[in-house]
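Participant: Sequence unavailable; structure follows:
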Ligand code: C2E
Ligand code: MG
Ligand code: MG
Ligand code: MG
């Protein structure tokens, strides 16, 4: 690849070059084909109700199994999709898979009451078609809008607050639930909590796992403020049972972390639901 000055020798490929621009272009090209080639999939991480340890829902997370490079994390390929025109098809893929799987789990378990949470990127929110696309998708996959949650970070909302307010308002009015993701990183302006129709806050793991002495004060205030605003709170990245109990005492509704379960495939979700909610346990 790289030619050394004064010589003609081409350096052999080195993995260290991976992060470079050429590589990013190659990944973008590969990502463009990934949907059709069935290299993308969704996994689901349980979200536990802290009060009784029951599964309340799942967050849908995208995975890319690259034929040559193996698994590429979303922190690497989502930014590439966002910087190109790929985030919209990828986003619709995530929504279609997640709502199809949810409908399937409901049918197979006799309507276990769970939700599925799907991440949304700013480019998706800026599309004037988003609302209609989501409504059409829910009809197609027979998914009850009240069972769908969309997760957005404040940077997504910040990009175009007026458009965001309009679209989020329509989504919320149609019964879809909205979560402010990664709260406690970035600015976390309180204005986002009141100016946009969020009904859930997800506390970022950086805040949850912070070991400074101000942690408790901070968590307590955020949680009580959220409750005052009638919002649900999910704590991400809880590391110990004690932390979970402490958060539950503070009034935090849900926990999502490796402690309660790693992301798993749709088949495993079905097994987990059958185990957790046997038909005999329900009226
Ligand atoms: P996120 O939405 O904040 O998702 C939570 C991330 O934390 C996931 O990483 C999850 O696997 C990880 N996690 C869960 N429990 C723990 C824990 O106990 N400890 C630690 N250290 N991490 C934990 P993942 O799957 O790698 O996704 C990373 C990010 O990529 C997501 O952050 C989200 O911003 C983005 N992403 C993933 N899937 C999608 C998608 O379908 N669409 C969009 N737009 N973004 C996605
Ligand atoms: Mg999320
Ligand atoms: Mg998050
Ligand atoms: Mg995150």
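Facilitator: Sure, I can see it. As the structure is a prediction and not an experimental result, all values here were calculated from the model. Residues are numbered from 1 along each chain as shown. Ligands and ions are numbered 1, 2, ... in the order given.

Participant: Now do the strands in this protein.
Facilitator: Remark: strands assigned in the chain by DSSP state E are 40-49, 55-66, 70-72, 115-119, 148-153, 177-183, 200-203, 232-236, 254-256.

Participant: Now do the buried residues in the second one.
Facilitator: By 16 or more other Cβ atoms under 10 Å, the buried positions in strand 55-66 come out as 55-64. Where you see a C-beta, it was placed from the backbone N, CA and C, and this is true even at glycine.

Participant: Identify, from the residues you listed, the entry nearest to residue 95.
Facilitator: Taking Cβ to Cβ as the measure, residue 95 sits nearest to residue 60 out of the buried residues of strand 55-66, at 8.5 Å.

Participant: just checking, that closest one touches residue 96?
Facilitator: No: using Cβ atoms under 8 Å, residue 60 is not in contact with residue 96; the gap is 10.7 Å.

Participant: Quick check: residues of the stretch 151-283 of the chain near ligand 3?
Facilitator: Residues of the stretch 151-283 of the chain lying close to ligand 3 (Cβ under 5 Å from the ion) are 181-182.

Participant: ok, of the buried residues of strand 55-66, which one's closest to residue 261?
Facilitator: Distance to residue 261 across these (Cβ to Cβ) is lowest for residue 55, with 8.3 Å.

Participant: so who does the residue nearest to that closest one when sequence neighbours are not counted touch?
Facilitator: Of all residues beyond its chain neighbours, the one nearest residue 55 is residue 46 (5.1 Å), with distances taken as Cβ to Cβ, 6 or more residues apart in numbering. Residues in contact with residue 46 (Cβ atoms under 8 Å, 6 or more residues apart in numbering) are 55, 57-58, 256, 260-261, 272.

Participant: if we go to 6 Å?
Facilitator: By Cβ atoms under 6 Å, 6 or more residues apart in numbering, the contact set of residue 46 is 55, 58, 260-261.
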